[in-house]
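*Asks:* Predicted model, plus sequence, below.
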Amino acid sequence: MRILLFSDNHGEKDNILRIIEQCEPLDRIISLGDSEMREKELSDLGVFGVKGNYPFEPKFPYELNFYFEGVNCYFTHGHLYYVKSGTSRLLQKAYQNNYEIVAYGHTHKPFLEEISGIIMINPGALSTWRSNNNPTYALLEITEKLIKVTIYNVYQNVIKTLMKKRVNNGS
């Protein structure tokens, strides 16, 4: 399963179109908020999403929870967890709900680490001006044996990669 994650594009639709084309084929596309686009615009591109803190957000929920290939994943913008001050509140939510992957935005800075068994992903900002001209996104790939997350910039340069072998996958 291939899942494209982006956040904080702040109305820059061209960068969304660009990364979709670069990453196809995709099974799911998820906006982590602050898109500043209409819900129909995002839906027409096949984008699921969460609401951010910016005033012109679509009527998306504040959080999404999906199981992809048996992996419990949580998606939120992050502002309700004060992620600009750290990820401790978000990690607590992950522990309480047995999330294996947590993806969030809001800080405009890419972040990718495994913390106590939980993969924390912030794809950074897809907006050119919010990312200091280095817009970034993440590609999450889940197979029976492996979870792989790569953060790229829109020029397809790898920023960071994390790989985790799956041990409790029924094999």
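*Replies:* Cool, got the structure. Numbering: from 1, shown residues only.

*Asks:* Against residue 71, how distant is residue 119?
*Replies:* In this structure, residue 119 and residue 71 are separated by 9 Å, where distance is defined by CB to CB, to the nearest Å. Any C-beta I mention is one placed from the backbone N, CA and C, and that applies to glycine too.

*Asks:* which neighbours do the two share?
*Replies:* In the contact map built from CB atoms under 8 Å, 6 or more residues apart in numbering, the residues linked to both residue 119 and residue 71 are 100-101, 147.

*Asks:* what are the ranges of the strands in the protein?
*Replies:* Per DSSP state E, the chain has strands spanning 2-6, 28-31, 47-49, 63-68, 71-76, 101-103, 110-115, 118-123, 136-142, 146-153, 158-165. These are given in chain order.

*Asks:* Residue 87: which of the ones you listed is closest?
*Replies:* If you check each of the strands of the chain against residue 87 by CB to CB, strand 118-123 wins as the nearest, at 5.9 Å.

*Asks:* contacts for that closest one?
*Replies:* Strand 118-123 is touched from outside by 5-7, 32, 78, 83, 87, 90-91, 94-95, 99-107, 109-114, 136-138, 140, 147, 149, 151, 162, 164, with contacts defined as CB under 8 Å, 6+ apart.
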